[in-house]
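J.: A structural model of the following input is requested.
(one chain, ligands or ions: 2)
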Amino acid sequence: MSDFLSMYSIQYWLESCPQGYLMNTEFGHAPGEKEPDVILDNEVLRTETIRTTVQLVVGERCALSASSGLINAAPDEASKRFLATQTLDEARHVEVFTQRLYDLGVKKGDLEGVIAQYAIPNLVKFAEILLEKVDKKDFVAGVVGQNVILEGMAFSVFEMMHALTLDMNPKFARTLSGTIADERRHVGFGENRIGSLIREFPEKRSEIERMQRDMSYFMLATFADSFRRNPMQAEIDRLEAETGMHRSKAQYQGVNLAEMTPEEMEHVLADTVLKEFKLRLGRIGIEYQTPRRP
Ligand SMILES: [Fe+2]
Ligand SMILES: [Fe+2]
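T.: Ligands and ions are numbered 1, 2, ... in the order given. Coordinates of the predicted model:
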């Protein structure tokens, strides 16, 4: 428990996060950094970037709701304090991605309307399955749903986006790298805290396995909705043909995303996340359930 206490204490969080990698940032990036003109001046790219960012806000609002809701369900004080730090991390993620929507030209008064318009219904369903467990104060299922499934997904999505934006959008890449560091801590907590609880309550297993399969299905459906029929790639191809400029490498999981079709990227992402789930769930004693493929 002593390792657990020091790794997930508020003191550790203060030193590594606000006094560490977030020092001298403004909404997660260096002060004064802006979204690139190529996005702001191109209606297709701007709209699709808004659409993508809305999914991040939806996911982070769910994480905020889940991590704060789990504080009162936690069986021990150290977990409550960790979840308090996580709650602030998630609130910050909601804030930085919301700020990005404003930076992309969304008017403050239109925020909720834009979110409602672009939120992918399958992502909303994914969130609802988790929040139902949190509402029932089911700590074990809630932590698996939040810190293993939702954050395992978020972690891989952010890493892919980071690879795709590193060259072209240093502002957003910096925001993502801070968020990735936070998610890494959250995923670690899920794995470390929950293994012993699963052993204590083996009767919870089958319900958690069902939750994982259902959340995984809606996650894959969300990936399908965002990669298929996405006009962004065609617009980037058109711009590249027009200007003769080419994206340099976007290295992720040993492949170069810059050379892939959206469908190929969808498969790389889905396979990466599902492989991670299998590994992490195996470590906490949960048997991974293969979801249907949408
Ligand atoms: Fe988050
Ligand atoms: Fe998180």
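
J.: rest of the way, CA atoms for contacts and neighbours
T.: Noted.

J.: For N256, give me phi and psi.
T.: When quoted as degrees, to the nearest 10, the phi and psi of N256 stand at phi -100, psi 110.

J.: Distance check, it against S226.
T.: According to CA to CA, to the nearest Å, N256 and S226 sit 19 Å apart.

J.: Over to L176?
T.: 19 Å.

J.: So the two - more neighbours on which side?
T.: L176 (24 against 17; other CA atoms under 10 Å).

J.: Pull the contacting residues for the more buried one.
T.: By CA atoms under 8 Å, 6 or more residues apart in numbering, L176 lies in contact with 28, 158-159, 161-162.

J.: SS state for the spatially closest residue to F27 that is not a sequence neighbour?
T.: Using CA to CA, 6 or more residues apart in numbering and skipping the chain neighbours, the partner closest in space to F27 is V96 (5.0 Å). Secondary structure state of V96, per DSSP: H, G, I helix; E, B strand; the rest coil, is helix.

J.: Near V96, how many other residues are there?
T.: A count of nearby residues for V96, using other CA under 10 Å, gives 21.

J.: what residues are up against F158?
T.: 176, 179-180.

J.: on that earlier part again, tell me the most packed of the contacts of L176, by neighbour count.
T.: G28 leads the contacts of L176 on contacts (other CA under 10 Å) with 25 neighbours.

J.: From S79, how far out is that residue?
T.: 26 Å.

J.: now do L104
T.: 37 Å.

J.: Then E151?
T.: Remark: distance between E151 and S79 (CA to CA) = 17 Å.

J.: List phi and psi for Q19.
T.: phi -90, psi 0.

J.: That one: neighbour count?
T.: Q19 has 12 nearby residues by other CA under 10 Å.

J.: Now do stretch 73-91: everything it contacts.
T.: Under CA under 8 Å, 6+ apart, the answer for stretch 73-91 is 5, 8-10, 13, 60-61, 63-64, 67-68, 70-72, 137-139, 182, 186, 193.

J.: where exactly do the strands run in this protein?
T.: Remark: strands assigned in the chain by DSSP state E are 251-252, 255-256.

J.: Can you list the strands that the last one pairs with?
T.: Just to be clear, that refers to strand 255-256. Paired strands of strand 255-256, with direction, are strand 251-252 (antiparallel) (DSSP bridges).

J.: what sits against the most centrally placed residue in the chain?
T.: Centroid check for the chain by CA atoms, centre = their mean gives A154 as the closest residue, at 2.2 Å. Going by CA under 8 Å, 6+ apart, A154 touches 59, 183.

J.: Per-residue pLDDT of it, please?
T.: Listed pLDDT for A154 reads 95.

J.: same thing with R238?
T.: For R238, pLDDT reads 87.

J.: again, but for the one 4 residues further on
T.: pLDDT, the model's per-residue confidence, is 85 for E242.

J.: can you check K275 too?
T.: 95.

J.: and the closest residue to R51 other than its chain neighbours, what is it in contact with?
T.: Leaving aside its sequence neighbours, R51 sits nearest to Y118 (CA to CA, 6+ apart; 5.6 Å). Listed by CA under 8 Å, 6+ apart, the contact partners of Y118 are 51, 54-55.
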